[in-house]
Structure formats: C-alpha cells, structure tokens
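**Q** need a structure here:
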Amino acid sequence: MTTPDTVESVRAIEAKGVTRRFKNTVALDNVTLNFEKDKIHGLLGRNGAGKTTLMSVMTAQDWPSEGEVRVFGQVPHENEQVLPDICFVREDQRYPEDALAKHAFAAARSAFENWDETFAKQLIDDFHVPMKTPIKKMSRGQKSAVGVIIGLASRAPLTVFDEPYMGLDAVARQLFYDLLLQDYSENPRTIVVSSHLIDEIAYLLEHVVVIDQGDIMVDESAEDLADRAVTLVGHGDAVRQVIGNREVLNHEEMGRIVRTTVLGKLSAEERQLVNELDLDLIPVSLQQLIVHMTRNNAEEHRDSEGF
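**A** Numbering: from 1, shown residues only. Below is the predicted model:
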C-alpha cells in the first residue's frame with residue numbers, strides 16, 4: 001500500500017485548485033496537476049493559453065490568486081530551502097543593462113549548487129556565445145543560447161524552460177534537444193519544457209500537459225497520449241462503421257471519401273475491420289492531436305458564451 005508520504009516523495013510539483021486572475025482575466029482556472037520527479041514533462045498549448053502563468057506560479061515567480069503549489073513537498077514562495085533547487089529560464093529573460101554573458105553565468109554559478117562549470121564551458125563553445133558582447137546587444141539567437149546554457153549547466157533538481165530556445169535556428173535547437181536528452185540521461189532531474197514546436201520536442205517527453213484557456217485539457221503519459229487518436233480515410237459508410245460513437249476531432253469530405261480523426265484507441269477487432277473494409281489508418285502526431293483538441297475546445301467555449 002502506498003502511503004501519502006511515498007506519493008509526495010515522487011512529486012516534484014503538486015498544484016491543487018490553482019487559479020490566477022489578472023483584473024478581469026482568468027489566466028488559470030482551478031488547475032490541479034502533478035509533475036513527477038526525474039521526468040521530462042511537456043507543457044503545451046497555444047499563445048495565451050496560460051503556460052507562462054502556470055510556470056511562473058510553479059516556480060514562485062508569481063502568486064496564485066487561489067489554491068496551492070508545492071515543490072518537492074514544500075510551498076516554494078519565499079522559501080529559501082526550495083528556491084535554490086529551481087531554475088526557471090524564460091524566452092524574455094531580463095539581465096542588468098550592462099551585463100555580459102560571463103556575468104550571467106557567474107550569477108548562475110553562485111545560485112545553483114549543482115552548477116557544472118566544465119559543462120557550461122563546453123556549451124559556450126557549442127553555441128558560439130560571444131563573451132565580450134553585452135547581452136542587450138546580442139542577437140536573439142545568442143540571447144537564447146545564454147538562457148539554454150544556464151538551464152542545462154545549472155543541473156537544478158527542477159529546471160523549467162519557457163521557450164528560451166525559440167530564438168535559436170533549427171540546427172541550434174536540435175543541438176539543444178540532443179544535449180538536453182543526453183545530460184538528462186546522465187544526470188536525471190525534473191525538467192519542464194514549454195514549446196509551440198510540438199512535433200520537434202515530442203520525442204523528448206515522458207509526460208504531457210496541455211493547457212487551453214486556463215484549463216488543463218490533457219495530463220497523461222506521452223505513451224498513453226500517442227494512442228488517443230487515429231485518422232481513418234475511406235468510404236464514409238465504412239469509416240462510420242469503425243468509429244462508432246467516438247468523439248470526432250476533425251472530419252473532411254471529398255465526395256464519397258472521408259477523412260475522419262477520432263479520439264480512442266482501436267481494438268484488435270476494429271483494426272481487423274479496417275483491413276476488411278479497405279480503409280487507410282493514419283497515425284496522428286502529437287501536434288495534430290493538440291491542434292484538433294484545442295480547436296474543438298475553442299469552438300465549445302464560443303458556443304457556451306453564446307457567440
């Protein structure tokens with residue numbers, strides 16, 4: 001039997017009923033979720049969905065209007081025992097006006113007890129960071145590289161990346177993903193990655209949370225999520241015979257041929273029926289699934305608002 005203490009011990013982040021309001025806007029609406037320790041978690045959603053607000057509350061950069069957050073079993077806000085274990089790197093990271101990269105790295109070295117100086121120097125070379133250029137005068141890609149290096153070399157028990165790598169080009173982003181996965185395998189810790197480039201990072205993720213309009217739409221393992229939807233293409237009557245009463249995420253008609261994406265894993269018998277009816281079965285990528293789900297959620301929200 002699992003005791004409450006055992007459950008808490010595997011949770012890096014625990015949010016209960018978290019709501020965050022900004023004047024008349026509800027950025028987070030009664031959010032409850034857990035991020036387990038020593039896993040790579042994806043926090044996904046559209047612009048304005050509430051991702052940055054949730055990460056800010058989880059890392060004690062902001063306060064919830066209601067509810068509670070615990071990090072490693074403790075309330076992180078103004079908690080000197082927990083805050084040094086959290087590294088939160090944002091795309092819009094701000095630095096002092098005259099700061100050089102070496103100043104940012106020195107500050108990180110002082111802040112994080114697990115800081116790996118050798119790894120940091122390797123990353124500086126890998127990402128070609130100019131050490132004599134003020135950060136404010138760097139290109140967007142160079143600024144992103146500074147944030148990525150701090151996040152990786154900190155080796156903080158909880159490391160949160162709020163899209164700091166978005167300024168990197170495709171080659172540099174792939175380098176970041178490869179280095180993240182390699183270093184995580186050698187030095188496990190809890191990592192939360194936020195991104196719009198869902199299919200680029202899908203292979204990294206062990207757990208996926210999808211947030212939309214301040215609500216949690218998905219909170220499950222990446223493995224389970226991969227089986228949540230499927231696309232069937234073929235004669236309309238045959239497709240309907242297979243999908244039954246499943247929730248339809250997307251439906252397109254091309255004469256008598258339809259292309260329908262539905263929620264729900266197909267059973268062995270249904271897969272056999274797909275073959276017998278000569279239907280095409282197409283896997284749904286993580287990005288396609290989230291696009292369909294958030295689009296449907298937006299339509300339902302508009303309907304409920306009377307638009």
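**Q** can you map out the strands along the stretch 201-307 of the chain?
**A** 207-212, 215-221, 229-235, 248-254, 257-263, 280-283 (DSSP state E, counting those that start in this stretch).
**Q** for those strands, which one ends up most surrounded?
**A** strand 207-212 (a mean of 24; mean count of other C-beta atoms under 10 Å). In this view, the C-beta of every residue, glycine as well, is placed from N, C-alpha and C.
**Q** rewinding a little: turn the strands of the stretch 201-307 of the chain into JSON lines, columns for mean pLDDT and distance to Asn79.
**A** Listed next are these as JSON lines, based on pLDDT from 0 to 100; distance: least, C-beta to C-beta, whole Å:
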{"stretch": "strand 207-212", "mean pLDDT": "94", "distance to Asn79": "23"}
{"stretch": "strand 215-221", "mean pLDDT": "92", "distance to Asn79": "25"}
{"stretch": "strand 229-235", "mean pLDDT": "94", "distance to Asn79": "40"}
{"stretch": "strand 248-254", "mean pLDDT": "91", "distance to Asn79": "42"}
{"stretch": "strand 257-263", "mean pLDDT": "93", "distance to Asn79": "40"}
{"stretch": "strand 280-283", "mean pLDDT": "92", "distance to Asn79": "44"}
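**Q** which stretch among these comes nearest Arg140?
**A** strand 207-212 (25.3 Å; C-beta to C-beta).
**Q** report all helices and strands that the closest one contacts.
**A** Here strand 207-212 is seen to pack against strand 25-36, strand 40-44, strand 215-221, helix 222-226, helix 286-305 when contacts are counted using 3 or more C-beta pairs under 8 Å, 6 or more residues apart in numbering; DSSP states H and E.
**Q** what's next to it, contact-wise?
**A** 31, 33, 35-36, 39-46, 49-51, 54, 216-222, 225, 286, 290, 293-294, 297-298 (C-beta atoms under 8 Å, 6 or more residues apart in numbering).
**Q** redo that, cut-off 6 Å
**A** 39, 41-45, 49-51, 217-219, 221-222, 225, 290, 294, 297 (C-beta atoms under 6 Å, 6 or more residues apart in numbering).
**Q** ok, that strand: who's next to it in the sheet?
**A** Next to strand 207-212 in the sheet, as set by DSSP bridges, lie strand 40-44 (parallel), strand 215-221 (antiparallel).
**Q** quick one, the longest one and strand 25-36 angle?
**A** Angle between the axes of strand 215-221 and strand 25-36 is 10 degrees (criterion: axes from the mean of the first three to the mean of the last three C-alpha atoms, to 10 degrees).
**Q** for strand 215-221, which outside residues touch it?
**A** 29, 31, 33, 207-210, 293.
**Q** phi and psi next, for Arg94.
**A** Main-chain torsions, Arg94, degrees, to the nearest 10: phi -110, psi 140.
**Q** got it, and Arg20?
**A** According to degrees, to the nearest 10, Arg20 has phi -130, psi 120.
**Q** next one: the closest residue to it other than its chain neighbours from Ala15, what distance?
**A** Counting by C-beta to C-beta, 6 or more residues apart in numbering, the nearest residue to Arg20 once its immediate chain neighbours are dropped is Leu28, at 4.2 Å. Look at Leu28 and Ala15: by C-beta to C-beta, to the nearest Å, they are 9 Å apart.
**Q** just Thr294 next, same as before
**A** Thr294 is 20 Å from Ala15, by C-beta to C-beta.
**Q** Gln213 too?
**A** Counting by C-beta to C-beta - Gln213 and Ala15 are separated by 17 Å.
**Q** so between these two, which is more surrounded?
**A** Ala15 (21 against 18; other C-beta atoms under 10 Å).
**Q** quick check: which element contains that one?
**A** Here Ala15, judged by DSSP states H and E, is contained in strand 11-22.
**Q** just want the angle from that strand to strand 40-44.
**A** Going by the same axes, to 10 degrees, strand 11-22 makes 20 degrees with strand 40-44.
**Q** list the strands paired with strand 11-22, with their directions.
**A** strand 25-36 (antiparallel), strand 66-71 (antiparallel).
**Q** out of the ones you listed, flag the one nearest Leu232.
**A** Of the strands paired with strand 11-22, nearest to Leu232 by C-beta to C-beta is strand 25-36, at 31.6 Å.
**Q** buried sites along the closest one?
**A** Buried positions in strand 25-36, judged by neighbour count with 16 or more other C-beta atoms under 10 Å: 26-29, 31, 33-35.
**Q** again with stretch 164-173
**A** 164-165, 167-168, 172-173.
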